[in-house]
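Asker: got a structure for you, letters missing:
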Ligand SMILES: O=C(O)CCC(=O)C(=O)O
Ligand SMILES: [Fe+2]
């Protein structure tokens with residue numbers, strides 16, 4: 001299975017026929033693998049390179065400086081700096097499939113998440129401006145760029161799925177997303193094969209779609225939806241390539257016409273034949289598109305038909321997101 005690499009600019013610049021082909025290809029890729037890749041998505045290459053540069057700068061700050069932006073210990077969305085091993089994504093492995101995991105594999109990564117600007121309920125804790133001047137303004141501007149692409153992709157999905165204009169995008173227009181920079185420090189192959197740690201354990205993302213940029217180290221893999229249990233490596237030929245994966249929100253809204261993509265970050269494919277060796281540090285940047293707060297995650301009426309749904313519970317978006325995020329930050333006494 002190869003992921004389609006599609007030209008997003010055709011949506012605004014293409015002929016009606018080219019647009020139609022784009023809608024069909026997006027649907028084909030998302031419905032068969034939960035993933036699609038885009039070029040010409042509108043965020044300039046230089047800005048993406050700059051985002052990687054800012055990420056490196058942030059992660060080379062001292063722990064004391066990063067701690068000023070530490071993840072708050074209260075219920076809510078992901079905000080601020082989470083140190084290496086703090087988030088345990090293995091605690092949410094299998095949740096969307098209705099399987100619960102009892103293992104607590106440590107993720108060997110650190111991350112920094114920002115939410116909407118001036119969020120009065122869940123503000124983002126920032127590092128001191130004097131420690132990393134202009135970091136905040138750059139990251140907020142990159143957040144806005146990603147929000148625009150998120151809206152564009154939802155509009156395309158509306159067309160692909162035969163929905164009314166605005167049907168998906170109006171549920172997300174407030175911009176309730178998170179932008180995450182993640183740093184995976186160098187790690188021994190043996191540590192991962194021991195089964196105790198991972199770069200990031202397999203999981204699905206909770207939101208609508210995730211927009212992901214990765215450096216050239218590799219290791220990102222997606223589960224083959226036709227052959228569960230087997231994983232396919234996802235390469236990017238440049239950091240500008242945008243990888244888009246379907247999240248739980250769209251799985252629920254579409255009543256599984258689209259299914260969220262189960263993915264993980266592990267040993268890069270070019271090192272998988274080795275029993276020993278050091279995997280280089282890796283940086284990725286992900287924008288986690290989400291529904292506005294207080295939106296029902298029941299299937300949309302357009303997808304209600306045929307044989308009911310697994311997702312008829314009355315859960316609302318923020319409650320679902322918070323519940324899942326909190327599971328991945330278990331209190332030490334809850335770890336198994
Ligand atoms: O680092 C990556 O490539 C993926 C990260 C990821 O899946 C996540 O943070 O949800
Ligand atoms: Fe993810």
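Answerer: Happy to help now that I have it. Source: prediction; values computed, not measured. Residues are numbered from 1 along each chain as shown. Ligands and ions are numbered 1, 2, ... in the order given.

Asker: Please name the residues that touch the nearest residue to residue 127 once chain neighbours are set aside.
Answerer: Counting by Cβ to Cβ, 6 or more residues apart in numbering, residue 69 is the residue found nearest to residue 127 once chain neighbours are left out, at 4.5 Å. (Each C-beta comes from the backbone N, C-alpha and C, glycine too.) With contacts defined as Cβ atoms under 8 Å, 6 or more residues apart in numbering, the neighbours of residue 69 are 80, 81, 112, 124, 125, 126, 127.

Asker: Show me where the stretch 1-150 of the chain has its helices.
Answerer: Taking DSSP state H, counting those that start in this stretch, the helices of the stretch 1-150 of the chain run over residues 10-13, 16-33, 45-59, 63-67, 135-160.

Asker: for those helices, which one ends up most surrounded?
Answerer: Per residue and on average, the most neighbours among the helices of the stretch 1-150 of the chain fall to helix 135-160, with a mean of 19 (mean count of other Cβ atoms under 10 Å).

Asker: For it, what is the distance to the chain centroid?
Answerer: Relative to the chain's own centre, helix 135-160 is displaced by 13 Å; criterion: Cα atoms, centre = their mean, to the nearest Å.

Asker: Next secondary structure after it?
Answerer: Under the assignment DSSP states H and E, the closest C-terminal helix or strand after helix 135-160 is strand 178-184.

Asker: so what secondary structure elements neighbour that following strand?
Answerer: Secondary structure elements in contact with strand 178-184, counted by 3 or more Cβ pairs under 8 Å, 6 or more residues apart in numbering; DSSP states H and E, are helix 45-59, strand 110-114, helix 135-160, strand 282-288.

Asker: Of the ones you listed, give the one that comes closest to ligand 1.
Answerer: Nearest to ligand 1, of all the helices and strands packed on strand 178-184, is strand 282-288, at 3.3 Å by Cβ to the nearest ligand atom.

Asker: So which residues make contact with the closest one?
Answerer: Where contact means Cβ under 8 Å, 6+ apart, the residues beyond strand 282-288 that reach it are 48, 51-52, 55-56, 59, 142-143, 146-147, 149-150, 177-184, 199, 205-207, 210-215, 217-220, 247, 265.

Asker: partners of the spatially most central residue of the chain in the sheet?
Answerer: The C-alpha lying nearest the average C-alpha coordinate of the chain belongs to residue 210 (Cα atoms, centre = their mean; 3.9 Å). Partner residues in beta bridges with residue 210: residue 245, residue 288, with DSSP bridges as the criterion.

Asker: Confirm for me that it is in contact with residue 247.
Answerer: Yes - distance between residue 210 and residue 247: 6.0 Å, which falls inside the contact criterion (Cβ atoms under 8 Å).
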